[in-house]
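Enquirer: quick check, what structure comes out for this input:
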Amino acid sequence: MRLLLLALVVTVSPMVAAAPAKKCVIEEPVAVAAPPVQPAPCQRVKPVTAAFVRAALEKRFKLQHEGSTLDVSFGCDGIGPKVKEIVVESGSGHGGSLAMWRAVRQGDGTYEVRGIRYTDRGKAAYSLVTGTVSVPALATARAALVATPREIKPPPKPNTISLGSFSSSSRDFRALVKMTDSDGRVVERQYTGYAGSGDQETYLGLEIAMQALSPITAVGVAGVDPTPKDRDLFAARFGAAVPHFDDQYGWWVMERYVGLARFLGTPATIAGLLTRLAIKGTDRSKVD
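Expert: Numbers count the residues shown, from 1 in each chain. Model (predicted):
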């Protein structure tokens, strides 16, 4: 036994400690703060603003039954009077586009805007935009987000069946508006899909809100050299979009976010990208 132990001691030589391998750093996805349980006191829509939004909805809404009328009601958005941050997203399924903007309120009431525009056409895959703007129609945007249009059908005629009409289109688009007040309360509306009479109650108010926020989406191009603020914006929007990557009609939004991650991705986006490794079905795009 002593000879065996001696042999083991003699044959085992000390090893030079190897340098620890570098590990891939995967940050936790950017958390989206949940709104407080108690909403702010209801900010009632002013009559003149309600009349404007109602007229805009009446102009766009396609009634499906002969003799119907449109009723528009306004709820409360649950946020306070001062909107600290506004996020807007838009894109076209057939146009190869996706854009996102974040506007942060400044002390003088203006908004500092930073945005990212992606396109799969041409040499430049994306561009960065920035600027400082006023948003005079903010009240209109808030009212449009909580507007609920509803078709009021006439009573049916005796011995008749009214099936109504249905309209659809090939316009596949994305619209999103998110507002956060000074206390962190959030109101958000979004839609991704096709324009048609079936979902117009959902997206028409969003489109009116985005039109009211057009000063934000009209800021000029700043270049293609991303700053930490640009990467933070992308990481936040990417993290918010990941849970919806497999939603119906949302495949092209996912593709463009993944495409942008090539240029603007950070360790915070890796966890979301890893979700694309799971094989779900056979109808997967080349980008995915």
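
Enquirer: for the rest of this, base every contact and every neighbour count on C-alpha atoms.
Expert: OK.

Enquirer: wait, what's in contact with Val224?
Expert: Tyr126, Ser127, Leu128 (Cα atoms under 8 Å, 6 or more residues apart in numbering).

Enquirer: hang on, I meant Leu213
Expert: Val135, Ala137, Leu138, Ala141.

Enquirer: isn't the second one up against Met210?
Expert: No: because the distance of 10.2 Å does not satisfy Cα atoms under 8 Å, Ala137 is recorded as not touching Met210.

Enquirer: wait, isn't Tyr126 in contact with Met100?
Expert: No: using Cα under 8 Å, Tyr126 is not in contact with Met100; the gap is 11.3 Å.

Enquirer: name the residues contacting each of those two.
Expert: Ile116, Arg117.

Enquirer: and the contacts of Leu213, which are buried?
Expert: Buried members of the contacts of Leu213, scored by 16 or more other Cα atoms under 10 Å, are Val135, Leu138, Ala141.

Enquirer: now the helices for the stretch 101-250 of the chain?
Expert: 138-145, 200-212, 214-217, 228-241 (DSSP state H, counting those that start in this stretch).

Enquirer: most tightly packed of these?
Expert: helix 138-145 (a mean of 24; mean count of other Cα atoms under 10 Å).

Enquirer: report the angle between it and helix 200-212.
Expert: For helix 138-145 against helix 200-212, the angle between stretch directions is 170 degrees (axes from the mean of the first three to the mean of the last three Cα atoms, to 10 degrees).

Enquirer: just give me how far helix 138-145 sits from the chain centre.
Expert: In terms of Cα atoms, centre = their mean, to the nearest Å, the centre of helix 138-145 is set 17 Å apart from its chain centre.

Enquirer: re earlier: let's have the helices of the stretch 101-250 of the chain in CSV, adding mean pLDDT and distance to Pro47.
Expert: As requested, these are exported to CSV (pLDDT from 0 to 100; distance: least, Cα to Cα, whole Å):
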stretch, mean pLDDT, distance to Pro47
helix 138-145, 98, 10
helix 200-212, 96, 17
helix 214-217, 98, 23
helix 228-241, 97, 34
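
Enquirer: could those be laid out in CSV, adding distance to Val25?
Expert: As requested, the helices of the stretch 101-250 of the chain are exported to CSV (distance: least, Cα to Cα, whole Å):
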stretch, distance to Val25
helix 138-145, 39
helix 200-212, 37
helix 214-217, 34
helix 228-241, 15
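
Enquirer: in the protein, which helix or strand is least confident?
Expert: Within the chain, no helix or strand scores below helix 2-11, which has a mean of 42 by mean pLDDT, DSSP states H and E.

Enquirer: mind listing what's buried in the very next helix or strand once past that helix?
Expert: Next in sequence after helix 2-11, counting helices and strands by DSSP states H and E, comes helix 47-60. Neighbour-count burial for helix 47-60, counted by 16+ other Cα under 10 Å, picks out Thr49, Ala50, Val53, Arg54, Leu57.

Enquirer: report the separation between the third one and Ala141.
Expert: Here the distance between Val53 and Ala141 works out to 9 Å (Cα to Cα, to the nearest Å).

Enquirer: give me the common contacts of those two.
Expert: Ile208.

Enquirer: and Gly193, what is it in contact with?
Expert: Contacts of Gly193 (Cα under 8 Å, 6+ apart): Asp172, Phe173, Arg174, Gln248, Tyr249, Gly250.

Enquirer: name the nearest residue to the second one, ignoring sequence neighbours.
Expert: It refers to Phe173. Distances taken as Cα to Cα, 6 or more residues apart in numbering place Ser92 nearest to Phe173, at 4.4 Å, with adjacent residues excluded.

Enquirer: and the host helix or strand of Leu98, what's buried?
Expert: Assigned by DSSP H and E, Leu98 belongs to strand 97-105. Buried residues in strand 97-105, counted by 16+ other Cα under 10 Å: Ser97, Leu98, Ala99, Met100, Trp101, Arg102, Ala103, Val104, Arg105.

Enquirer: same question for stretch 113-132.
Expert: 113-119, 125-132.

Enquirer: what's the mean pLDDT across that stretch?
Expert: Mean pLDDT, stretch 113-132: 86.

Enquirer: given the strand ranked longest in the chain, what are its sheet partners and their directions?
Expert: Longest strand of the chain, by residue count under DSSP state E: strand 168-181. Paired strands of strand 168-181, with direction, are strand 83-92 (antiparallel), strand 186-196 (antiparallel) (DSSP bridges).

Enquirer: so which of those comes closest to Pro39?
Expert: strand 186-196 (9.1 Å; Cα to Cα).

Enquirer: average pLDDT for the closest one?
Expert: 94.
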